[in-house]
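**Student:** Fold the following for me, if possible:
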Amino acid sequence: MRFFQNPKTVYYFKRILPFGIIWLVLSWFILLIESMATEYKNVRPETDITVTWDVFLFASLAVFVVGLAVGTLEVFWLGKLFKSKGFGQKILYKMGFYLLFMLVINLIAYPIAASLELNTSLGNPEVWQKFSNYVVSRTFLSTLTSLAFSIFVSLLYSGISEHLGHDVLLNFFSGKYHQPKEESRIFMFLDMKSSTSWAEQLGHQQYFRFLRDYYNQLSNAIIAHRGEVYQYIGDEIVITWKQDKGLSQQHCVQCFYSMKEALEKKSVFFIKTYGAAPSFRAGLHVGHVTTGEIGALKKEIFFTGDVLNVTARIQKLCKSLDQELLLSGELKTLLEPTAPFSFKALGTMELEGRKEQVSLFAPL
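**Tutor:** Predicted coordinates:
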């Protein structure tokens, strides 16, 4: 399907889908607890809806769609609206908004569920009599409590995902890297030019805002070219791809130029706000790493392997060789020969702290 061939579409789908799953699973759990407490009987038929298969399927679908709606709002709007707020403030403000949103959804969905239970049309007076009983009952308060719990869990997931990274969080949940694995990966070390002078000129608070705006401009390009942010290290960012993803359509190289273009488009903003526009240099290399969870007090997905040291040293050579982008001979050999970029050989060079020399290439 073309829909799932767009990296940005896949990225946002993977971010929104967990919200639907969270809401669906929680709704089933709450229904099970309530059913066990009432011995699977409807003890308040005047307000509660008897769960038939039709009602169950409708409710499951409705809850899943509501979860997706919450995820969509969170990813595209509210998450950005309250981005500058603290974690506790985000939860509080968003809880208020989502409770009002869920109240409206609940008041719309209940009459539909009641008409399915009674096997009658939506306009039947019995449906609306039951609805009237419902809005002044303990069941209504119980439903709002359940919704508030589901909202809280969703926002907790959203906050943790935002801080850890969506892919990292899913890897933790799935246990993908509980046991170390060997992978072949491409790494890009990207370093801002003249960062020291920038920090002196702007001061630490303004420089922090400058870095935040700088990294924000790079994010869409990384997503569009299937990259994963491994680390932010001051003014340096480490991006990685599984080998097949990075090589496909030369995503690892395309990403560099897309990030450069994104910064150029915002150059007026940076000049007006900070006095000049940022730029960067980058090094690219490919090799085997061991990937796994590491840390006692704080867990992280961690890569170990010579490829990281080599990539960092390749990046450092960009300045002395007057190149914006350098890549190793190993990576250049693997790139598709018919892809849009051509490369020139810069010769074989010795890297700091490494006996074996590395052949380097730069785009033409």
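
**Student:** Report the distance from the longest strand anywhere in the chain to the chain centre.
**Tutor:** The strand that spans the most residues within the chain, counting by DSSP state E, is strand 280-294. Centre-to-centre, strand 280-294 and its host chain are 20 Å apart (CA atoms, centre = their mean, to the nearest Å).

**Student:** Could you point out the helix or strand that follows it?
**Tutor:** Sequence order places strand 300-304 as the next helix or strand after strand 280-294, per DSSP states H and E.

**Student:** And the next helix or strand after that following strand, what does it pack against?
**Tutor:** Downstream of strand 300-304, the next assigned helix or strand under DSSP H and E is helix 306-320. If contacts are counted by 3 or more CB pairs under 8 Å, 6 or more residues apart in numbering; DSSP states H and E, helix 306-320 sits against strand 181-192, strand 280-294, strand 325-328, strand 358-363. Every C-beta, even on glycine, is put in place using the N, C-alpha and C of the backbone.

**Student:** Direction-wise, compare the strand or helix carrying Y257 with strand 280-294 and give the angle.
**Tutor:** Element membership for Y257, per DSSP H and E: helix 251-265. Going by axes from the mean of the first three to the mean of the last three CA atoms, to 10 degrees, helix 251-265 is angled at 130 degrees with respect to strand 280-294.

**Student:** Buried residues of the helix or strand just after helix 251-265, list them for me.
**Tutor:** Note on helix 251-265: by DSSP H and E, the next helix or strand toward the C-terminus is helix 267-274. The neighbour-count check on helix 267-274 (16 or more other CB atoms under 10 Å) flags F270, Y274 as buried.

**Student:** Provide the contact partners of helix 267-274 at residue level.
**Tutor:** W198, L202, Q206, F210, D213, Y214, L263, A276, A277, P278 (CB atoms under 8 Å, 6 or more residues apart in numbering).

**Student:** which stretches of the stretch 151-300 of the chain aren't confidently modelled?
**Tutor:** In the predicted model, the stretch 151-300 of the chain carries pLDDT under 70 at residues 162-177, 295-299.

**Student:** ok, residues contacting stretch 28-48?
**Tutor:** Residues contacting stretch 28-48 (CB under 8 Å, 6+ apart): I49, T50, V51, S60, K130, N133, Y134, S137, T139, F140, S146, F149.

**Student:** H225 is nearest to which of the helices and strands packed on helix 306-320?
**Tutor:** strand 181-192 (10.2 Å; CB to CB).

**Student:** The closest one pairs with which strands, parallel or anti?
**Tutor:** strand 236-242 (antiparallel), strand 280-294 (antiparallel) (DSSP bridges).

**Student:** Check which residues of the longest one are buried.
**Tutor:** When neighbours are counted by 16+ other CB under 10 Å, the buried residues of strand 280-294 are found to be F280, R281, A282, G283, L284, H285, V286, G287, V289, T291, G292, E293.

**Student:** any chance of the strands paired with strand 181-192 in a markdown table, plus distance to L81?
**Tutor:** Supplementary listing: those in a markdown table, determined by distance: least, CB to CB, whole Å:
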| stretch | distance to L81 |
| --- | --- |
| strand 236-242 | 25 |
| strand 280-294 | 29 |
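
**Student:** S195 versus L335, what's the distance?
**Tutor:** Distance from L335 to S195, counting by CB to CB, to the nearest Å: 29 Å.

**Student:** Roughly how far does F82 sit from G71?
**Tutor:** Distance, F82 to G71, using CB to CB: 15 Å.

**Student:** Looking at these two, which is more packed in?
**Tutor:** G71 (25 against 17; other CB atoms under 10 Å).

**Student:** what mean pLDDT does whatever helix or strand the more buried one lives in have?
**Tutor:** Taking DSSP H and E as the definition, one finds G71 inside helix 53-73. Taken as a whole, helix 53-73 carries a mean pLDDT of 86.
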